[in-house]
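A.B. asks: Show me the folded form of this:
(chains A and B)
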Amino acid sequence: MGAEFVALSLPSLVIGVLVAVACALPGNFLLLRGQALIGDAISHVVLPGIVVAFLLTGHVATAPMLLGAAGAAAIAVVAIEAVRRLGRIEPGAAMGVIFTAMFAGGVLLLEQSDTSSVHLDVEHALYGNLESLIWLDATGWASLLDAQALSGLPVELPRMALALVLIAMFIGLFWRPLALSTFDEGFARGLGIRTGALGLALVIMSAVAAVAAFDAVGSIIVIAMFICPPAAARMMTNRLGHQVAWSVLFAALAAVLGYVLAGYGPLWVGAAASVSAAGMIATVSGIILGVAAVAGPHRTRNG
Amino acid sequence: MLADALLLQLGYNATLVTLGAALLGIAAGVAGTFLFLRKRALVSDAISHATLPGIGLAFVVMVAMGGEGRSLFGLLFGAGVSAALGLLCVQWLTRRTRLGEDAAIGAVLSVFFGAGVVILTVIQTMNAGRQAGLEGFLLGSTAGMLRNDATLLAVSAALVLALVLILRRPLGLAAFDPGYAEATGWSLHRIDLAMMGIVLVVTVVGLKVVGLILIVALLIVPAVTARFWTEQADHVVIIAGGVGGMSGYVGAAASAVAPALPTGPIIVLLGFAIFLFSLLFSPRRGVLASVLKHLRYQRRVHVRQGLLALANGQPIYEALTRRLLARSELILPDGVPTAQGQAAAAKALLDETRWAIVRGDQAYALAATRYDGLTPIEDVLTSDQLAEIDGKIASPQAVV
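C.D. replies: Now for the predicted structure:
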C-alpha cells in the first residue's frame, strides 16, 4: 500500500474525485432549475466534436479535441434552442432530437474513418478508462513533494483540477445571483440580474466540466455525477448552501468508494480482474441516491 | 447494391431484418407520438439505458446454466426485466420523492447504465464472454443476423405494431385530451401504464436494431417531425408511423450493404434528415414558410404606407417602398404616381379614413379589433355599414 498505491491508484482516485465534484457543483443548480438532463445531452454531443477535431488535425491532441468538444456543445445548445423555438416543440423532445442525431453522426464518422491506430472508439467515449491514468514517475509518498516526479503526473489531473477551480470560482462569485435566478427568476430579473446570460453561463460551465472530464473518464460518470449527488443532497436539506456541501461530499464519497470497489472488490470475492471504475462510481452514486431517497430527512415534496 | 437491399434482393434473412426494422419503425413512431404528446419523451431514454444490466445478467445466467449465452430471446427477456425495473424507479422517484421527472430519468439512466458497464467488464473476463458480441446492443447491429434472430425480430415487431394499433384509441385520448379521457371514465394512470409498457416493448425489440443509446431517437424524431405537417391528431399518428417506418426500412437496408457500420446511427440519421427537411420546408410551420410569410407581410406594409404617402402628396424616400411601388407600376421611376397609382392611393386613404371612424366609434368596437393597418375594411363591414360611415366622413366636409 505504499509506492504501488501512489503510482497506480492515487492519480486515478484524485481525478475521479475532481471529476465528481466538478460535475456535482453545477449539477445542483441544473437540478433545481429543471435542466437536469442538460448534462446528459452535453456528454453525448461531445463525441462528434472530438471526432471532427481528430479528423481535422489527424492525431489525438488535447487542445483541438477540447476545442472541438466545446464547439459541439455550443452547437448543440444553439440547435436545441432553435428547434424548440422554430418548431414550437417542448424542450425535452427538442433535446432528444438533437443529441441523438449528433451522437449518431459522431459514431458514423468515427466508424468511417481510420482510427485503428489511435485510442479512440465509442466504448472509450462512453466509459472512459480511469484505471489507465497511472503515474509512472512516482516511487512512493515522497514523490508528492518531488517537482520532477510531479511533472510526470497524468496530464488529466492538472487539467481537471483547473476545470474544478474555474467552476468553483464561477459558483462562488455568482452565488447570490445564481440562487436568486434559480428560485425566483422574475424577482431576480426585477433586481436587474441578467438571468438569460446567467443561465447560459451555467450551461457553459457544465459543458466545461463535461468536456474536461470526458476524455479521462467517459460520459457515463459525467451524467451520473451531474444528477445523482445533487439529487441525493436535495433529500438531505432545504438550504441551498447545505445542499451544495452535501452534494460535494456525496460526489467525493461515490468516487472513492466506487474506485476502491472496482479495483479491489473483485479481489475480495476471489475474482482475478477488476471491473470498470467508471461504471462502479456511477453505480455507487446511484446507491447513495437510493439510500437518501428512502431515508433522507427531506425526501418528500412537503418536507 | 443499395438498390438490391431496398428491393429486398439480399436473401431471406436480410429481407426479414429489413421488414422487421420497418415494422418496428412504424410501431416506434406511433407509440412515440403518444409519448411526445404526453410530454414524457425522455422517459424512453431512461428505459433504454436501463436495459444494459439486464442484458449482461441474462448472459451471465445463461452461461451459468450451461448455455452459450447468446440466445437473443433470453437476452431481450433480461433487458425487458431490467428496463421495467428502471421504469419503476423513475416512477417511484417522481412520485415519492421531491425529484422532478427529468432528474429521475437522468439518475436512472446513468446508474443503470453504469451498473451495466460493470457487468460487461465482468463478462469480458469470463471465458465464454470474449465473443459475446454484447456491444452490438449499444449501437445496433443487424448485419449477418441468424435466421432465428431475424424471425424473432420480425415477428415481435409485427406484434408490437398490432398492440399499438389496438390501443391507439385510449392512448390518443390520454395524449390529446387527458381531462376528457378522465371524465369519460378512463383511468389515466392505467393508460399511462399501458403506454409505458408499449414503449418498453418497442425499446426491447429495437435493441438489436437501433441499439440502446439511440432508440430514444426512433421514438421522438418521427413524432416531432409529424407535428410540422399537420394539426390533426389522427394525421400526426399516421405521419409519425410513416417517418419511423421509412427510417427503419431504408436504414436497415443500408446497413445490410455496409455491414461494418452499426445500424442504429444510420437509422437515426435518416430520421433526422427527414426531420431537418420538415423543419425547413414544411408549408405551415417550417422555417422557409415563416420567412416567406414575414417577407410578404413586410411588402404589404411598405406598399400600404407608400400609397398613403402618395395620397397625402408626400414624397417617398424609402428605397424598398419605391422599388415595390414601381414594380407594380403604381409610380414612375421618378416617384410620380401613375393613374393606377393615384387610384390605389385614393382607395388606401379612403380605407384608412373609414377605419379611423370605426376605431373612434364604440358601436364598432368589435370590428375595430380587426384593424391591423392592412386589412381592407370591406372585409370586415357590410356595404350598409360602410355607407353609414361614409356619411360621417362626408358631413363635416360639407360644412367647410
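A.B. asks: host element of residue 75?
C.D. replies: In the absence of a named chain, this looks at chain A. Under the criterion of DSSP states H and E, A:Ile75 resides in helix A:62-86.
A.B. asks: actually it's chain B I care about, not the one you picked
C.D. replies: Using DSSP H and E, B:Leu75 falls within helix B:72-96.
A.B. asks: List the buried residues of that helix.
C.D. replies: Within helix B:72-96, the residues scored as buried using 16 or more other CB atoms under 10 Å in any protein chain shown are B:72, B:74-76, B:78-84, B:86-87, B:89-94. For the C-beta atoms, the positions are set from N, CA and C on the backbone; glycine is no exception.
A.B. asks: and that helix, how far from the chain's centre?
C.D. replies: Relative to its chain's centre, helix B:72-96 lies at 26 Å (CA atoms, centre = their mean, to the nearest Å).
A.B. asks: Quick check: what element follows that helix along the chain?
C.D. replies: Once helix B:72-96 ends, the next helix or strand along the chain (criterion: DSSP H and E) is helix B:101-125.
A.B. asks: how about the nearest residue to B:Ile331, chain neighbours excluded?
C.D. replies: Leaving aside its chain neighbours, B:Ile331 sits nearest to B:Leu325 (4.6 Å; criterion: CB to CB, 6 or more residues apart in numbering or on different chains).
A.B. asks: cool, and B:Met62?
C.D. replies: Nearest-residue entry for B:Met62: B:Gly69, 4.2 Å, with adjacent residues in sequence omitted and distances by CB to CB, 6+ apart.
A.B. asks: ok, that neighbour to chain A distance?
C.D. replies: Computed as CB to the nearest CB, to the nearest Å, the B:Gly69 to chain A distance reads 18 Å.
A.B. asks: where are the low-confidence patches of the stretch 101-250 of chain B?
C.D. replies: Residues of the stretch 101-250 of chain B meeting the criterion pLDDT under 70: B:127-132, B:144.
A.B. asks: At which residues are the helices of it located?
C.D. replies: Under the criterion DSSP state H, counting those that start in this stretch, the stretch 101-250 of chain B contains helices at B:101-125, B:136-139, B:147-166, B:168-176, B:178-183, B:188-210, B:215-227, B:233-257.
A.B. asks: so which of the ones you listed gets nearest chain A?
C.D. replies: With CB to the nearest CB, the closest approach to chain A among those belongs to helix B:101-125: 2.5 Å.
A.B. asks: okay, the angle between that closest one and helix B:72-96?
C.D. replies: Using axes from the mean of the first three to the mean of the last three CA atoms, to 10 degrees, the inter-axis angle of helix B:101-125 relative to helix B:72-96 is 150 degrees.
A.B. asks: got the buried residues for helix B:101-125?
C.D. replies: Neighbour counts over helix B:101-125 (16+ other CB under 10 Å) mark B:101-123 as buried.
A.B. asks: check whether it contacts chain A.
C.D. replies: Yes: against chain A, helix B:101-125 shows contacts by CB under 8 Å from any CB of the partner chain at B:102-103, B:105-107, B:109-118, B:120-122, B:125.
A.B. asks: list the helices and strands that helix packs on?
C.D. replies: Where contact means 3 or more CB pairs under 8 Å, 6 or more residues apart in numbering or on different chains; DSSP states H and E, helix B:101-125 is packed against helix A:38-57, helix A:219-234, helix A:277-295, helix B:43-49, helix B:51-64, helix B:72-96.
A.B. asks: which residues are in contact with the fifth one?
C.D. replies: Applying CB atoms under 8 Å, 6 or more residues apart in numbering or on different chains, the contact partners of helix B:51-64 are B:68-71, B:74-75, B:77-83, B:85-86, B:112-113, B:115-117, B:119-120, B:122-123, B:126, B:128-129, B:132, B:134, B:137, B:203-204, B:207, B:212.
A.B. asks: Buried residues of it, list them for me.
C.D. replies: Buried residues in helix B:51-64, counting neighbours by 16+ other CB under 10 Å, are found at B:Thr51, B:Leu52, B:Pro53, B:Gly54, B:Ile55, B:Gly56, B:Leu57, B:Ala58, B:Phe59, B:Val60, B:Met62, B:Val63.
A.B. asks: Could you tell me the model confidence score at the second one?
C.D. replies: Here, the pLDDT recorded for B:Leu52 equals 93.
A.B. asks: Around chain A, which positions in the stretch 151-300 of chain B sit nearby?
C.D. replies: Within the stretch 151-300 of chain B, the positions adjacent to chain A are B:213-214, B:216-217, B:220-221, B:223-224, B:227-228, B:260-262, B:264-266, B:268-269, B:272, B:275, B:279, B:285, B:287, B:290 by CB under 8 Å from any CB.
A.B. asks: now those: which count as buried?
C.D. replies: Using 16+ other CB under 10 Å, the buried ones in those are B:213-214, B:216-217, B:220-221, B:223-224, B:227-228, B:261-262, B:264-266, B:268-269, B:272, B:275, B:279, B:285, B:287.
A.B. asks: any idea which of the helices of the stretch 101-250 of chain B is most buried?
C.D. replies: Most buried of these by mean neighbour count (mean count of other CB atoms under 10 Å in any protein chain shown) is helix B:215-227; its value is a mean of 30.
A.B. asks: Check the contact between A:Ala101 and B:Ile274; I expect there is one.
C.D. replies: No: counting by CB atoms under 8 Å, A:Ala101 does not reach B:Ile274; the two are 11.2 Å apart.
A.B. asks: ok, now which ones touch A:Arg200?
C.D. replies: Rather than Arg, residue A:200 is Leu. By CB under 8 Å, 6+ apart, the neighbours of A:Leu200 are A:Val77.
A.B. asks: Next one: it relative to chain B, how far apart?
C.D. replies: 19 Å.
A.B. asks: What helix or strand is that residue located in?
C.D. replies: helix A:195-217.
A.B. asks: okay, the angle between that helix and helix A:38-57?
C.D. replies: 60 degrees.
A.B. asks: ok, is the helix holding A:Ile75 in contact with chain B or not?
C.D. replies: Yes: using CB under 8 Å from any CB, helix A:62-86 reaches chain B at A:Val83, A:Leu86.
A.B. asks: Tell me the buried residues in that helix?
C.D. replies: The neighbour-count check on helix A:62-86 (16+ other CB under 10 Å) flags A:64-74, A:76-77, A:79-80, A:83-84, A:86 as buried.
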